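Asks: I'll drop the sequence and a predicted model, then ask my questions.
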Amino acid sequence: MKTALKFLLVSVVLAASSSFASGGAEVHLDRAPINLKDMASLQRGARTFINYCLNCHNAQFMRYSHLTQIGLTEQQIKDNLMFTTDKIGDTMVSALDPADAKDWLKSVPPDLTLSARVRGSDWLYTYMRGFYRDDASPTGWNNTVFKGVSMPHVLHDLQGTQAMVQVGEKHDHDGKMEPIMKLAIDRAGSMSAGEYDHNVADLVNYMTFMAEPARTQRTQLGVLVLFFLVIAFFVTLALKHEYWKDVK
């Protein structure tokens with residue numbers, strides 16, 4: 001019961017955070033190339049999530065044992081992905097102490113288990129590619145889809161540093177000229193732009209899986225149930241005609 005209540009509470013908090021963050025502003029979101037049947041992508045995404053995201057964020061409704069569903073053996077999980085626990089059945093909990101988080105970061109980083117369901121895969125995909133340097137921000141970072149974000153860009157060593165630069169001007173609704181701003185790399189990272197986008201796609205693919213590990217099985221079961229209902233409909237129709245054939 002306590003776990004269910006915590007799960008519901010996290011869902012409500014994330015939904016509220018999403019609504020507050022959007023602030024009613026319309027933001028263009030890039031389509032995330034989600035493919036939950038791509039086991040290699042899910043495995044790469046799990047590695048990125050655990051190496052980068054799990055340092056600060058929890059995924060307390062996701063167990064390490066669920067990673068066997070993306071093609072990993074328990075031994076592979078223990079050898080390569082378990083750094084904060086020694087039990088395969090434990091949930092993914094950050095080593096960061098909540099008290100230290102409040103002291104260092106001024107708030108506890110939110111749980112990410114359901115972030116893909118609450119915000120959407122497209123939002124996460126655009127968000128992780130939308131960080132840029134902002135000297136006016138306390139962290140030195142800002143984001144195109146989450147203005148005033150308090151989270152620093154943890155993947156900047158991979159992507160490099162982006163800056164918001166002016167590429168032209170356009171007329172606003174009042175006829176005045178306003179600048180056209182665009183993100184541009186001003187310091188290269190260890191990955192090219194294409195490689196980084198692919199890496200983020202893998203990360204978001206995994207986070208989509210993590211938000212609902214049974215999604216693929218549920219979809220497959222749904223197809224089988226619909227197929228059964230179609231067959232049952234024609235069988236029932238045939239029985240009806242057979243039963244009432246002598247009735248005029």
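Replies: Cool, got the structure.

Asks: need the longest helix for the chain.
Replies: Once the chain is assigned using DSSP state H, the helix that runs over the most residues is helix 215-244.

Asks: how far off centre is it?
Replies: Centroid displacement of helix 215-244 relative to its chain, using Cα atoms, centre = their mean, to the nearest Å, is 35 Å.

Asks: so what does it touch, helix or strand wise?
Replies: On a contact count with 3 or more Cβ pairs under 8 Å, 6 or more residues apart in numbering; DSSP states H and E, helix 215-244 meets no helix or strand. All C-beta atoms are positioned from the backbone trio N, CA, C, and that covers glycine.

Asks: need the mean per-residue confidence for that helix.
Replies: Averaging pLDDT along helix 215-244 yields 87.

Asks: next, give phi and psi for residue 54.
Replies: Dihedral angles phi and psi of residue 54 (degrees, to the nearest 10) take the values phi -70, psi -10.

Asks: pretty sure it contacts residue 94?
Replies: Yes: using Cβ atoms under 8 Å, residue 54 makes contact with residue 94 at a distance of 5.6 Å.

Asks: please enumerate the shared neighbours of these two.
Replies: residue 84 (Cβ atoms under 8 Å, 6 or more residues apart in numbering).

Asks: residue 168: how many residues sit nearby?
Replies: For residue 168, the count of nearby residues is 9 (other Cβ atoms under 10 Å).

Asks: nearest spatial neighbour of it, skipping sequence neighbours?
Replies: Ranked by Cβ to Cβ, 6 or more residues apart in numbering and with sequence neighbours excluded, the top spatial neighbour of residue 168 is residue 180, at 4.3 Å.

Asks: can you give me the buried ones in the helix or strand hosting the one you found?
Replies: Using DSSP states H and E, residue 180 sits in strand 177-188. By 16 or more other Cβ atoms under 10 Å, strand 177-188 has no buried positions at all.

Asks: kindly report the same for stretch 136-148.
Replies: Neighbour-count burial for stretch 136-148, counted by 16+ other Cβ under 10 Å, picks out 137, 141-146.

Asks: from those, which two are the most distant?
Replies: The most widely separated members of those are 137 and 145, with 14.8 Å between them, by Cβ to Cβ.

Asks: what segments of the chain are helices?
Replies: Taking DSSP H, the helices of the chain run over residues 2-22, 39-48, 74-80, 98-105, 115-118, 121-127, 156-159, 193-211, 215-244.

Asks: now the ones you listed as CSV including distance to residue 67 and mean neighbour count?
Replies: Shown next, in CSV, are the helices of the chain (distance: least, Cβ to Cβ, whole Å; neighbours: other Cβ atoms under 10 Å):
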stretch, distance to residue 67, mean neighbour count
helix 2-22, 19, 13
helix 39-48, 6, 19
helix 74-80, 5, 13
helix 98-105, 25, 12
helix 115-118, 16, 22
helix 121-127, 19, 22
helix 156-159, 22, 17
helix 193-211, 9, 21
helix 215-244, 14, 10
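
Asks: reformat these as a markdown table; add distance to residue 65.
Replies: Shown next, in a markdown table, are the helices of the chain (distance: least, Cβ to Cβ, whole Å):
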| stretch | distance to residue 65 |
| --- | --- |
| helix 2-22 | 16 |
| helix 39-48 | 13 |
| helix 74-80 | 7 |
| helix 98-105 | 25 |
| helix 115-118 | 20 |
| helix 121-127 | 24 |
| helix 156-159 | 28 |
| helix 193-211 | 13 |
| helix 215-244 | 15 |
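
Asks: quick check: the closest residue to residue 83 other than its chain neighbours vs residue 211, distance?
Replies: Leaving aside its sequence neighbours, residue 83 sits nearest to residue 50 (Cβ to Cβ, 6+ apart; 7.1 Å). To residue 211, residue 50 is 16 Å away according to Cβ to Cβ, to the nearest Å.

Asks: equivalent analysis for residue 237, please.
Replies: Counting by Cβ to Cβ - residue 237 and residue 211 are separated by 40 Å.
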